[in-house]
Every structure is written in structure tokens, then in C-alpha cells.
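# structure of the sequence below:
(one chain, ligands or ions: 1)
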Amino acid sequence: MQMIEYKNKNKFDNDFIYSNQWISLTNKTTLNEKINIGAQLDKKASGGQISHINVQSNFKNFEQAWDLTNHIANKGLIYFAYNSKINVCEDGHGFNPITDVGLENNICHCGKPMIDQFSKVVGFLTPRSAYSKERKKEFDNRQWFNLIE
Ligand SMILES: [Zn+2]
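Sure thing, here's the model as predicted:
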């Protein structure tokens, strides 16, 4: 079972990548499962791991962000961070096709296509174009939670 990933390695093709997640970023789970399992395991550790809450889009509003952050903290998840994808066009504009209404097929407000995406890997925003082939495969298989539904 590939659920607990901390200090373990994930196999992508014939190579392995390491992670600092309790639950694999590619593991299909619910947001509440991720929070509850992470909270239980965070009580047993003193750091070195973080639960990335991968969100497909921005929060709807401040209240949604406040409520979810308080929910996570009240459940006991100590080490967590929100992570999203930032699409970037040829001219360097950042956009999100889900929350930026009217954008389709990864076309920016300016009409130029998306040429890269930025997201966190081990806590740092980095461009997908710079990922190793194993990381790209992991990134393309990540689970993203939809806050808009
Ligand atoms: Zn643009």
C-alpha cells in the first residue's frame, strides 16, 4: 500500500522520488481522510513532513479560506500548506482556468496559450518545465481538491 509516503519512496517508471507527505499526492482520497490521517500521524512526529492540500483553484472567498483553515487546525493537522497550480502564458501572466471565468483550453486573458505551470515541490513554487521526468509523471497524477463545487 502506498498510502504512507513519509520517508518512503514512490516508484515512477523505473525511478523513485522521495516525498515529505503522509499520504501520497497521487493517492485518491477525500479531503477529510487526508486531514484526519495526517492529524493522527502528526501527533506521533515532530516535523519533517507536511500535508499539501492541493487545490484546483483559489478559494471562493475569505470565509471559505478561514473556515477550511480552522477546520484543518481543529482536527489537529499541525503541518499543512495549500498548494495550487498557476498557469503561465507566453507573456508571463499567471492565471487559473477554473476561477478565472471565461478562460478555456488554457488560454490566458491576453489570448496567449499556457506555456508552463508553477506548483510547489517540497515547499517551493517551481515550474513544471524544470521537473524531472519522474516528477512530471507524479505531478500529472496528483489529486487536486475542487473548492468550487
Ligand atoms: Zn497572458
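# how long is stretch 74-94 from one end to the other?
With Cα to Cα, to the nearest Å as the measure, stretch 74-94 spans 33 Å from end to end.
# what does that stretch rub up against?
Stretch 74-94 has contacts (Cβ atoms under 8 Å, 6 or more residues apart in numbering) with 35-36, 38-40, 42-43, 47, 49-58, 72, 95-97, 106-110, 112-120, 123, 125, 127, 144. Any C-beta I mention is one placed from the backbone N, CA and C, and that applies to glycine too.
# quick check: residues of the chain near the ion?
Counting by Cβ under 5 Å from the ion, the chain comes close to the ion at 89, 91, 93, 108, 110, 112.
# quick revisit: helices - which of the contacts of stretch 74-94 land there?
Applying DSSP state H to these, the entries found in helices are 35, 36, 38, 39, 40, 42, 72.
# what's the ChimeraX line that selects buried ones from the residues you listed?
Buried residues among these (16 or more other Cβ atoms under 10 Å), as a ChimeraX selection:
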select :35,38,39,42,72
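# make a ChimeraX selection of the buried ones in the contacts of stretch 74-94.
Per 16+ other Cβ under 10 Å, the buried members of the contacts of stretch 74-94 correspond to this ChimeraX selection:
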select :35,38,39,42,49,50,51,52,53,54,55,56,57,58,72,95,97,107,108,114,117,118,119,120,144
